[in-house]
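# Pasting the sequence and the predicted model now:
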Amino acid sequence: MLMGKYRINPFKYYSIEPDKQSESNKVIIIYHGWGGSALGYRDLAEELAGEGFNVVVPEIIYHDTRQPLADHFESKTVQAYFWETIITTIDEYHDFMKTVGIDKENVILVGSSMGGGIANGIFAREPMIGGLVNINGSGSFVLTEKLFRERDGRGDIPDQLKKRLMDYDPVERKPGLSPVLLMHGDSDAIMPIEGQMDYDRYLKENRRHVDFRVYEGVNHQITLEMIGDLICWLKIWVK
């Protein structure tokens, strides 16, 4: 299996096909976290391809070669671009799918950290998507921004930002029926677990097939146990 890089303006992405296709014929799209890179998920992509899945890892705006920022972790840069990156990537999903020629119902979205928010936001707008896996991310945008501000000692969310986040917030939209896996370390110091908990609560009030797994003593990382649980979940739910 070889992971190749492709460019179809304005999109750039990596793709890997399995040696032996699974019966599901599903395509897994992986969205990376803030300050990360598409190529940084090569090992996970190869492992999932080894299970028989086609895998696509897009480059995300303001990362890699798409208008990259000078310092992703400077506090003012995070505050200015974090949600903008999530919203822009959600908005461009339809065009990305059309460009790469993938049917939405064949897609399983997998996102880590910021990528979990992206995947969650797309899933909330696209009821035909085949499934969602959110790892150390959030499906409750306004609550997460509120927690960010409390942690940083900033004031209340400005009305304009709050309204914009509500327009994209998964807990503000009727959920589809495809299966969902939420995974989060209980010691995550970067992305508050409360965002996952709130989305889990919201989903379970409206539908079934939601699996929320909390990992004791795990900070903001993807562990081997998480990867193993992800693969097991895919084998059960991805038909």
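Thanks, I have the structure now.

# buried ones in the longest helix seen in the chain?
Looking only at the chain and at elements set by DSSP state H, the helix with the highest residue count is helix 75-91. For helix 75-91, the buried set under the neighbour-count rule, 16 or more other C-beta atoms under 10 Å, comprises 77-79, 81-83, 85-87, 89-90. For glycine as for every other residue, the C-beta is placed from the backbone atoms N, C-alpha and C.

# Check stretch 206-215 too.
The neighbour-count check on stretch 206-215 (16+ other C-beta under 10 Å) flags 210, 212, 215 as buried.

# name the helices or strands packed onto the host helix or strand of the second one?
Residue 212 is located in strand 210-215, with elements delineated by DSSP states H and E. On a contact count with 3 or more C-beta pairs under 8 Å, 6 or more residues apart in numbering; DSSP states H and E, strand 210-215 meets strand 180-185, helix 194-206, helix 224-237.

# Tell me what angle that strand forms with helix 224-237.
160 degrees (axes from the mean of the first three to the mean of the last three C-alpha atoms, to 10 degrees).

# Could you tell me which strands strand 210-215 is paired with, and in which direction each runs?
Applying DSSP bridges, strand 210-215 is found paired with strand 180-185 (parallel).

# Name the residues that touch the strand it pairs with?
Residues from elsewhere that reach strand 180-185, judged by C-beta atoms under 8 Å, 6 or more residues apart in numbering: 123, 131-136, 139, 191, 193, 196, 199-200, 203, 209-215, 217-221, 223, 226, 229-230, 233, 237.

# all strands of the protein, in order?
Listed in chain order, the strands found in the chain under DSSP state E are 4-8, 11-16, 27-31, 54-58, 107-112, 131-135, 180-185, 210-215.

# Could you list the buried residues of stretch 151-158?
Neighbour counts using 16+ other C-beta under 10 Å place residue 157 of stretch 151-158 among the buried residues.

# Need the distance between the two termini of it.
16 Å (C-alpha to C-alpha, to the nearest Å).

# and what of stretch 43-62?
Criterion C-alpha to C-alpha; first-to-last residue distance in stretch 43-62 is 22 Å.

# list the buried ones in it?
Judged by neighbour count using 16+ other C-beta under 10 Å, the buried positions of stretch 43-62 are 44-45, 48-49, 51-62.

# Just the mean pLDDT for that stretch, thanks.
Confidence over stretch 43-62, taken as the mean pLDDT, stands at 95.

# for stretch 13-21, which positions count as buried?
13-16, 18.

# Off-centre distance for that stretch?
The chain centre lies 19 Å from the centre of stretch 13-21; the measure is C-alpha atoms, centre = their mean, to the nearest Å.

# what's the neighbour count on residue 30?
Residue 30: 25 surrounding residues under other C-beta atoms under 10 Å.

# Tell me the bridge partners for it.
Residues in a beta bridge with residue 30, per DSSP bridges, are residue 110.
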